[in-house]
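Engineer: coordinates only, sequence not included:
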């Protein structure tokens, strides 16, 4: 069931989103060779508490941290550890915050020091794919219009979108309906294929709050579980990139809430 938010609720979520964007900016400023992902997680948690929020992810389905720190071939949900970032890595920071009973969620992928031109292009294409998806967030469009636009753009750039993970609605729960795929291509092994198709046909309405999150790979789009038991990585160990915003649907189109 999709929960339409009243204006007062949207205002609270926007307030939380602005705070979360500030936190993300501070995390971004600390990404450098030599820092561990666990240090970034501790910083994220301290900042969330500082602003009066709670970690959305910590304890959710037993996830042990506040921040997801996915490096190189890791796509999403990697657990922070003593792993040290090194020059040439890329890292996806994915963070959620509960603030005044409502959640917001965002992710960015960052270079660690200098990266090669193709890796830089991967980041640029994924960020642009998110922007293209957001452009489709407006009343009378359908969820599938978002998926189709993201896939078309990413594949036109020679990359692939991950088909087995998706964006989502958000509100009092961190994950709400609808599910928002980054692709309109399906495989039989997708156990939720029927729901993906049904959700793709949902008409977008003012008052929806959606998390769009394109996940893009240099190589094959198939995924496998990471060794930590929580994260996902590319099956062929190719590089992956991830961006996400929490977006409100207004009568005039999309309003990005996770910005300063």
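Structural biologist: Happy to help now that I have it. Predicted, not measured: the structure shown is a model, and the values here were computed from it.
Engineer: so what's the residue nearest to residue 13 when sequence neighbours are not counted up against?
Structural biologist: In this structure, residue 13 finds its nearest non-sequential neighbour in residue 102, 4.8 Å apart by CB to CB, 6 or more residues apart in numbering. For the C-beta atoms, the positions are set from N, CA and C on the backbone; glycine is no exception. Each residue near residue 102 by CB atoms under 8 Å, 6 or more residues apart in numbering is listed here: 9, 12, 13, 16, 171, 172.
Engineer: show me the beta-bridge partners of residue 102.
Structural biologist: Using DSSP bridges, the bridge partners assigned to residue 102 are residue 99.
Engineer: ranges for the helices of the stretch 51-200 of the chain?
Structural biologist: Along the stretch 51-200 of the chain, the segments classed as helices by DSSP state H, counting those that start in this stretch run 117-135, 143-156, 193-200.
Engineer: and the shortest one, average pLDDT?
Structural biologist: Read it as helix 193-200. Model confidence over helix 193-200, given as mean pLDDT, is 72.
Engineer: kindly report the same for the longest one.
Structural biologist: Averaged across helix 117-135, the pLDDT comes to 98.
Engineer: do you know how far residue 60 is from residue 103?
Structural biologist: 10 Å (CB to CB, to the nearest Å).
Engineer: between these two, tell me which one has more neighbours.
Structural biologist: residue 103 (27 against 13; other CB atoms under 10 Å).
Engineer: and the pLDDT for that one?
Structural biologist: Value listed for residue 103 in the pLDDT field: 98.
Engineer: what's the overlap in contacts for residue 60 and residue 103?
Structural biologist: Contacts common to residue 60 and residue 103, judged by CB under 8 Å, 6+ apart, are residue 174.
Engineer: on that earlier part again, would you turn the helices of the stretch 51-200 of the chain into TSV with mean neighbour count and distance to residue 24?
Structural biologist: Compiled in TSV, the helices of the stretch 51-200 of the chain are given as follows (neighbours: other CB atoms under 10 Å; distance: least, CB to CB, whole Å):
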stretch	mean neighbour count	distance to residue 24
helix 117-135	18	14
helix 143-156	21	21
helix 193-200	16	27
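Engineer: how about CSV for these, with distance to residue 214 added?
Structural biologist: Output for the helices of the stretch 51-200 of the chain, formatted as CSV (distance: least, CB to CB, whole Å):
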stretch, distance to residue 214
helix 117-135, 4
helix 143-156, 5
helix 193-200, 15
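Engineer: among those helices, which is nearest residue 260?
Structural biologist: helix 117-135 (16.6 Å; CB to CB).
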